[in-house]
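Asks: Here is my input; please provide its structure:
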Amino acid sequence: MAFISNNNFNKIKRLGSNKRKFIYSKKSYSNPFFQHKKTGSLNRGGLTNKLKLAIFAAITAILILVWLLFFSTLFKIQKIQVSGAEGGMSSEVESIAWSIAENRLVGKNNLLLYNKSELAGKLNEKYYLDNLTIKRKFFHALAISLREKQQAAVWREDEQYYYIDGNGNIINQIDPLNLNSASYPLIENLTAVKIDGRKTNISKEAIDYILSLFNEFKEKKHNFEIERFIIDNDVNTVKMAILSGPKIYFNIKASSVEQTAKLDLIIKDKLKNDFKTVKEYIDLRYANNVYIK
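Replies: Now for the predicted structure:
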């Protein structure tokens, strides 16, 4: 065993002191190079929470909207107002509007869900309208304003009666018990050409001619009453049927003034204001001749 002296031991101790020493501490230190990354991680966590909150709010809003539309009575239609329609037409329009409301989802009639286009289509199909507006009146009313085409005459075809305008278009069908023969001429179609859609077999020229004759004789100018006007297979011809009397034939291509003047003369001079002598007709269609049978 080797013996180490005190001097040698001190030398060895001094040599050992030159080695690296490690110092430990409980204190934590932050690295400035990683601070940005750490902050970004926290921000991502914050956006996720906001997104969750936004989704929750959107779902809640949708559920509230569904409840309002399908289950709440807040927008339930309680009244349908119709203006511009006369007589039974007003109740018919209201009935059509209610029929659409009663077919809504979950059996609810909802003002916001009401299909105005469907109603407009049904009304235009049934009536010949000049104007139609449909408005929602919050929170419980639907307002319908309409105006039919101006009636010019009554059209009779196959025992059915219709109001027509000045162009021969069907406005609507009418009950014969509600006919106003004092206000509108009655035109009977005896041709083989029937109503096509909403169009009757009569020209605007013929309607204008009939209206002129109707206005001329509607006040019983010669103590006779017009029963109806007839359109048949005779070209360019309008026949005016006298109540309990003959028919009078007019040429719509000739002057109505000249033909009515000719008729006045015949009634006064030849017939002596008595139609009983005429069994069938008075034909005024030919300029220089009048045929009576």
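Asks: residues contacting Ile195?
Replies: For Ile195, the contact set (CB atoms under 8 Å, 6 or more residues apart in numbering) comprises 157, 162, 170, 201. In short, each C-beta sits where N, CA and C put it, glycine included.
Asks: And the first one, how far from Ser256?
Replies: When CB to CB, to the nearest Å is applied, the distance between Glu157 and Ser256 equals 24 Å.
Asks: just to revisit the earlier point, and the two most separated of the contacts of Ile195?
Replies: Tyr162 and Asn201 (12.3 Å; CB to CB).
Asks: The two: which has the busier surroundings?
Replies: Neighbour tally, Tyr162 and Asn201, criterion other CB atoms under 10 Å: the higher count belongs to Tyr162, 21 against 16.
Asks: For Leu132, which non-adjacent residue is closest in space?
Replies: Residue nearest to Leu132 in three dimensions, not counting chain neighbours: Leu146, with 4.7 Å by CB to CB, 6 or more residues apart in numbering.
Asks: What residues does that neighbour make contact with?
Replies: 82-85, 93, 123, 127, 129, 131-133.
Asks: before we move on, the earlier item: I'd like to know which of the contacts of Ile195 is nearest to Ile100.
Replies: Closest to Ile100, out of all of the contacts of Ile195 and judged by CB to CB, is Ile170, at 23.6 Å.
Asks: count of residues packed around the residue nearest to Leu271 when sequence neighbours are not counted?
Replies: Sequence neighbours aside, Thr277 is the residue nearest to Leu271 in space, at 6.1 Å (criterion: CB to CB, 6+ apart). Using other CB under 10 Å, Thr277 is surrounded by 10 other residues.
Asks: how far away is Thr277 from Tyr291?
Replies: For Thr277, the distance to Tyr291 - CB to CB - is 14 Å.
Asks: repeat for Arg156
Replies: For Arg156, the distance to Tyr291 equals 26 Å [CB to CB].
Asks: neighbour count winner among these two?
Replies: Neighbours were tallied for Arg156 and for Tyr291 using other CB under 10 Å; the higher tally belongs to Arg156 (19 against 11).
Asks: Contacts for whatever helix or strand that one lives in, please.
Replies: Assigned by DSSP states H and E, Arg156 belongs to strand 153-157. Residues outside strand 153-157 that contact it (CB under 8 Å, 6+ apart) are 161-164, 170, 174, 179, 181, 184-189, 194-195, 200, 202, 207, 210-211, 228.
Asks: Thanks a lot, catch you later.
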